[in-house]
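A.B. asks: Predicted model, plus sequence, below.
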Amino acid sequence: MLFNFFMLVLAGLKDELLATQVEARSIKTQLEGEVALNGHLRTAISDLSASWELKPVDESREEARVDALVDQLCYLGATLRDRVRDALHVGVKRAMAVVCSGFSYNMEVVSHGFVTDISKTNTENEERLHALIDDAEVPGERLAKLFEPEVLPPETSSGTGEDGEGRDAD
C-alpha cells in the first residue's frame, strides 16, 4: 500500500515535471524572441542616432543598459523635435528669401501669413486660401526639394530592403 502511494506520488511528480519542462521551453522560446527583438531595437536606435549624428548609447555598465536605451530614445525624440522645428524655420526663411529674390512684396506683410480680403466672408477667404494652397502644392514641393540637403540627415540603408521597403514615400 505504501508502495502504491509512493508510485502515485511519483507519477504525479513526473506529470508535474513534464508540464514544467513544457512551460520552461515555452518561456525560453519567448525569452529568445524578446532578446532578438531587443537586439533589433538597439540596432535601430543606434542607427537612427548615428544618422542624426547623435552620440551613441553608453551601455558599458550592464545594469544601465535598459536605462541608457530609454534615455537615448527620450533624447532622440527631443532632439528630432528641435531639429524639425529648426528645419521649419529654415524652410520658411528660405521661401521668404526666394520671394525676395525675384518679386516685390512687403516682407513685413508676408511674415504675418495669409492676407484675407475684408470685403469677403470667412468662407470665401477660406476657399481662396485652400485654392492658394492647392496651387502652391507642386511648385512648393519643387522648392522644398531644393532645401532638403540643408535640413535632412543623409539617408541610411538601415531598415530598408533592396526595393526601398520600410521607407516613407517622398
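C.D. replies: Alright, I've got the coordinates. Numbers count the residues shown, from 1 in each chain.
A.B. asks: what ranges do the helices span in the protein?
C.D. replies: For the chain, the helices defined by DSSP state H occupy 2-51, 65-102, 107-110, 122-151.
A.B. asks: For the last one, enumerate the helices and strands it packs against.
C.D. replies: When you say that, I think you mean helix 122-151. Using 3 or more CB pairs under 8 Å, 6 or more residues apart in numbering; DSSP states H and E, the elements in contact with helix 122-151 are helix 65-102. To be clear about C-beta, it is placed using only N, CA and C from the backbone, and glycine gets the same treatment.
A.B. asks: Run the chain-centre distance for the helix it packs on.
C.D. replies: Distance of helix 65-102 from the chain centroid (CA atoms, centre = their mean, to the nearest Å) equals 13 Å.
A.B. asks: what helices or strands is it leaning on?
C.D. replies: Identification of packing neighbours for helix 65-102 by 3+ CB pairs under 8 Å, 6+ apart yields helix 2-51, helix 107-110, helix 122-151.
A.B. asks: In terms of mean pLDDT, which of those helices ranks lowest?
C.D. replies: Among these, helix 107-110 has the lowest mean pLDDT, at a mean of 80.
A.B. asks: about what we covered before: out of the helices of the chain, nearest to Thr116?
C.D. replies: Closest approach to Thr116 among the helices of the chain is made by helix 122-151 (4.4 Å; CB to CB).
A.B. asks: and that closest one, which residues are buried?
C.D. replies: Buried residues in helix 122-151, counted by 16 or more other CB atoms under 10 Å: 125, 147, 151.
A.B. asks: Likewise for stretch 36-48?
C.D. replies: Neighbour counts over stretch 36-48 (16+ other CB under 10 Å) mark 42, 45-46, 48 as buried.
A.B. asks: and which of those is nearest to Val70?
C.D. replies: Distance to Val70 across the buried residues of stretch 36-48 (CB to CB) is lowest for Ile45, with 10.0 Å.
A.B. asks: Distance of that closest one relative to Met107?
C.D. replies: From Ile45 across to Met107, the span is 42 Å (CB to CB, to the nearest Å).
A.B. asks: picking that back up, may I ask which two of the buried residues of stretch 36-48 are separated the most?
C.D. replies: For those, the farthest-apart pair by CB to CB is Arg42 and Leu48; their separation is 10.9 Å.
A.B. asks: ok, and the closest non-adjacent residue to Ala87?
C.D. replies: Distances taken as CB to CB, 6 or more residues apart in numbering place Val151 nearest to Ala87, at 3.7 Å, with adjacent residues excluded.
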